[in-house]
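> Kindly return the folded structure for what I paste below:
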Amino acid sequence: MDLQAGFQLGEWIVLPGEGTIQNTTTTRNVRRKAMDVLVVLANSSGQVVEREAILSSVWGAQAVSDEPLTTTIAELRRLLKGETTEPYIQTAPKRGYRLIAAVQSLAQNLPESETSEPTKEQPEPSTEYRQTPIIQINRFSIAALLLILIAIVSTLIVMQPAAPGPIHDRSIAVLPFENLSQSSHQNYLAEGLAEELTTLLTGVPQLKIAAKNSSFSAYRSSISGSANDSSSAPELNFTAIAADLNVAYVLTGGIRVNGNQLRVTAQLIDSTTGYQKWSGSFDRTMADIFDIQVDIATQITEQLELNLVGAGAQPVKPTSEAYRLYLQARYVAEQHTQTSFENAVTLYQQALALDADYAPAWSELAGLYVNMVGFSLLPREEGFRLANEAAFRALAIDPENASAHDRLGWIALHADSNLRSAAAHYNHALALEPANNSIISNAAVLAIALGQLDTAILLFERVATADPVSPVSHANLSNAYMLNRQYPEAEQSIRNALTLSPQYAAGHYRQLRALLPQHKVEAAAQVIEDEPFEAARFIGKAFLYNKTGDLTASDAALASVQALYGDAAAGNYAQVMADRGDVENAFRYLEIEYNVNGLAGFLEFHADPVFARMKSDPRWISLMQRIGMSSSDLRTIKLQIPAKAIQ
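Take a look at the predicted model:
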C-alpha cells in the first residue's frame, strides 16, 4: 500500500511528505521520526509490529536502546488525540505496537504528479528544552519525564527561607562581574570569572558562600529594579542585595578584554556599612586569568583573617584558548536548548582538542551528556556511555575531581541501578567538596533511594537555604517532606517553588499530594486544575477522586493517562490503586512497571506512603528482594555525610 502520498487514519488525514496530520478543525506538525514510526505502523494493516522492527526501520544503527521509540509512541498518542475517543495505537506488552484505527491510502485519489513526487525531508522542529527537576515526586514514566518542560521564571525573584538565620560574619555572595568590553560576546568570560571565584572560595572551610544561582538572580533583579527608576546607569544597592542573600559581604567587579589583555577590577563590600572593605585592580594577559582568581581569593581571605592555602580548590591551568572555550561552552549550555547543548558539546570538544588534560572540561562534558539523555537528545545507552567515558577521563587526569565522582554517582544510580557504586562515588565527592550544592542535592536523591529520608531532608533543606531562588531546590525539599509524611512542610515548600515558577511542571500535582493527606480536598481540587503537565493533572485527579470516593471518575482519569502513555506509566497506576486499597491491581501494575521501565521508579516508590499498607505483604518483600532494594540490602550501603554538607 502506497502511503507516502497520504492516508486516512480514523478522523485524521496523514500527509508524510508535508509532515502534518489534519482533521476537520486543526492541522498538527509531526516530527520526521514520529511520522516514520506512524507510516511503519500504518503499513502493517493493523498487525502488531515488533519494537525491534520499528527501531531498525526508523533509527537503524542509531537504535542503541528502545527509549526513543517509547517517547515517540507517547508523542504520537498525544498528537492523534482529536475530536473522537477512538483509540489509535495499542501496546502489545513486551512485543510492540499496532494501529487500531482503519488505514486507507489517498494515492488513488491524487493526480499522478503528486503521487510520484519524492518525499521531502522535514526538518526537526526547533524545540526548547528546560532543566528537569533533580528528582521527581513521581516517575510518570521515562517517556513522560522526558517531556516535562520547566517554566523559566518570568521575573527574577529572590525568595528567602521563612525564617533566615543570623548573618554569618564570614559569608560572601559573589555577584556576576560586569562585562566592560565593547562586545557582548565577552559576557561568558565575566560570568565565568565570578563562577570560578565562587567555586574557589567555597573551598575555604571557614567561609559561607551564597549559591551562584541566588547571587546572580539577586544581582539581575537589582539591576532590573534600578533600570526602571531612571534612564541613567543603574546604581546597585549592595546592602539590599546582601540582606536578600543573608550575607555579610558582597564581592563584585568588572572585566575588560582588549585583544589578549585583561583588566579585572574587584571590590569587597561590607553589607553593614555599604563601604568597600577591599578593592583591587589587575592588568594581565588571558593566560594569567587563573593567577587573577587566586590573587582575588587570597586577598579577600586575608582581609577576613583566613588562609586560602589548603582550601583544596586551586584551579588547574589549561592553555588560555582551551579555557576560553571551556567557559564559553559552560555559558552556552546554560541556555538549555537543543541547539545550545549541541554547540556546547562542540566547544568542549574543541577545548579538549587543545588541552586533553583539562579534567574540568571532561567532567562538564560528562554532565552535558547526562542532560542530553534526560532531554531525549541522545539515546539512553549512548548518552550514558559517553558520559561515563568523559567522567572517567576526568578522574584519570585528576582522581580528586569531585564533579566527576558526582557524574559517575548519578550514572550508577540512574543508568546502572547500582546503589552501592553510587554511594561510593557520592561519599568521595562529598568528602572533596562538602559545600557543593549540586553534589549535596544529588546525594540527597540517593539518600531517598536508600530509605534515609531524614538525611535527604537535611540535605535538601541545606540546598534550599543556600539557593533560595531555585524552584527545583524547593520542589525537591517538598518531595522529601511528602515521602516522610511531613505534609504541612511539603505544602509550604512546593508553594515556594510555585511562587518562583508558577508553571513549574508537576508542581500543582505535588501540591495536591501534600494537601490530600491533610484533608484539604477543596484546595486540592482547585490547584490540580492549574497543573500544566497533562499526565500529572490526570494522575492528580485520580488521587482526588479516590479521596472523594468517586472511583468511576478516578478510573476515567487513569484511562486518559493510559491513552497517552500505555504501560510506560504503570508505576503511577500502581500508586493510584494502592491509594484506593486495591492491592491486587497495585501489585499487577508494579510488575508491569518493572518489566517496562526497570528499577528507576522504585528509587522512590519504596518510600512513597501510598504503598505503606502493602509492605507487610510477602509479594512486596519478594519484589524488593528481586530488585535489590530490600531492607537488608539497603542497610549494607553507607552514605557518609560530612558535617559541612548539612550546616
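> which SS class is H168?
State at H168, reduced to three classes by DSSP: H, G, I helix; E, B strand; the rest coil: coil.
> and it, what does it touch?
Contact analysis of H168 by C-beta atoms under 8 Å, 6 or more residues apart in numbering lists 208, 247-248. Placement of C-beta: from N, CA and C, glycine included.
> So it versus I209, what's the distance?
10 Å (C-beta to C-beta, to the nearest Å).
> Filter the contacts of H168 down to the buried ones and express that as a ChimeraX selection.
Selection of buried members from the contacts of H168 for ChimeraX, criterion 16 or more other C-beta atoms under 10 Å:
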select :208,247,248
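> Output the contacts of H168 as TSV; include the columns secondary structure and distance to T198.
As requested, the contacts of H168 are exported to TSV (DSSP: H, G, I helix; E, B strand; the rest coil; distance: C-beta to C-beta, whole Å):
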residue	secondary structure	distance to T198
K208	strand	12
V247	coil	12
A248	coil	16
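> Format the contacts of H168 as a markdown table; extra columns: pLDDT and distance to V37.
Shown next, in a markdown table, are the contacts of H168 (pLDDT from 0 to 100; distance: C-beta to C-beta, whole Å):
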| residue | pLDDT | distance to V37 |
| --- | --- | --- |
| K208 | 85 | 52 |
| V247 | 87 | 53 |
| A248 | 89 | 58 |
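> of the contacts of H168, closest to H414?
K208 (30.9 Å; C-beta to C-beta).
> Report the contact partners of the residue nearest to the closest one when sequence neighbours are not counted.
Nearest residue to K208, sequence neighbours excluded (C-beta to C-beta, 6 or more residues apart in numbering): S171, at 4.0 Å. Going by C-beta under 8 Å, 6+ apart, S171 touches 207-210, 246-249.
> from those, which two are the most distant?
Greatest spatial distance among the contacts of S171 (C-beta to C-beta): L207 and N246, at 14.2 Å.
> Poorly predicted segments of the stretch 201-350 of the chain, please.
Along the stretch 201-350 of the chain, segments meeting pLDDT under 70 span 223-235, 307-316.
> Which parts of it are helices?
Assigned by DSSP state H, counting those that start in this stretch, the stretch 201-350 of the chain shows helices spanning 212-229, 238-245, 289-303, 320-333, 338-354.
> and if you look at the stretch 451-600 of the chain?
For the stretch 451-600 of the chain, the helices defined by DSSP H, counting those that start in this stretch cover 453-466, 471-483, 487-500, 507-515, 521-528, 534-548, 551-565, 570-580, 583-597.
> Put together TSV for those, with distance to F375, mean pLDDT and mean neighbour count on each row.
Formatted as TSV, the helices of the stretch 451-600 of the chain follow (distance: least, C-beta to C-beta, whole Å; pLDDT from 0 to 100; neighbours: other C-beta atoms under 10 Å):
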stretch	distance to F375	mean pLDDT	mean neighbour count
helix 453-466	22	92	22
helix 471-483	15	92	27
helix 487-500	20	93	21
helix 507-515	19	95	28
helix 521-528	26	96	18
helix 534-548	17	94	23
helix 551-565	18	91	18
helix 570-580	21	94	24
helix 583-597	18	91	18
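> Which among those helices is found nearest to L99?
helix 551-565 (14.1 Å).
> ok and that closest one relative to helix 534-548, angle-wise?
160 degrees (axes from the mean of the first three to the mean of the last three C-alpha atoms, to 10 degrees).
> Pull the contacting residues for L458.
By C-beta under 8 Å, 6+ apart, the neighbours of L458 are 641, 646.
> how near is it to L477?
Applying C-beta to C-beta to L458 and L477 gives a distance of 10 Å.
> next one: A102
In terms of C-beta to C-beta, A102 sits 51 Å off from L477.
> Kindly report the same for A211.
Going from A211 to L477 by C-beta to C-beta gives 14 Å.
> Which residue, neighbours along the chain excluded, lies closest to D283?
R263 (5.3 Å).
> repeat for A287
Closest to A287 by C-beta to C-beta, 6+ apart is S320, at 4.3 Å.
> The one you found against R284, yeah?
No. S320 is beyond contact range of R284, at 10.7 Å (criterion: C-beta atoms under 8 Å).
> so what's M624 scoring on pLDDT?
At M624, the model reports a pLDDT of 93.
> do the same with the one 5 residues further on
Confidence at M629, expressed as pLDDT, is 90.
> pretty sure it is touching F602, no?
Yes. Using C-beta under 8 Å, M629 is in contact with F602, at 6.0 Å.
> Can you tell me which of the contacts of S171 lies closest to Y426?
Among those, and counting by C-beta to C-beta, the member closest to Y426 is I209, at 20.9 Å.
> how far away is the closest one from I269?
Taken as C-beta to C-beta, the span from I209 to I269 is 15 Å.
> The helices of the stretch 451-600 of the chain: which one's closest to H336?
Across these, H336 has its closest neighbour in helix 471-483 (12.4 Å, C-beta to C-beta).
> Next, the angle helix 487-500 makes with that closest one.
Using the same axes, to 10 degrees: helix 471-483 against helix 487-500 is 160 degrees.
> could you check the angle helix 453-466 makes with helix 471-483?
Going by the same axes, to 10 degrees, helix 471-483 makes 150 degrees with helix 453-466.
> so the nearest residue to A643 once chain neighbours are set aside is in which element?
In space, and not counting its chain neighbours, A643 is closest to P434: 7.7 Å by C-beta to C-beta, 6+ apart. Under the assignment given by DSSP states H and E, P434 is not contained in any helix or strand.
> please begin residue numbering at 130 from this point
All set: I'll call the first residue 130, so the last point we hit is now P563.
> Next, work out how far apart P563 and K670 are.
Counting by C-beta to C-beta, the gap from P563 to K670 is 42 Å.
> Next: S186.
Using C-beta to C-beta, S186 is found at 37 Å from K670.
> Quick one: end-to-end length of stretch 298-310, please.
End-to-end distance for stretch 298-310, by C-alpha to C-alpha, to the nearest Å: 34 Å.
> One more: stretch 306-325?
First residue to last in stretch 306-325 (C-alpha to C-alpha) measures 11 Å.
> before we move on, what about stretch 306-319?
End-to-end distance for stretch 306-319: 5 Å, by C-alpha to C-alpha.
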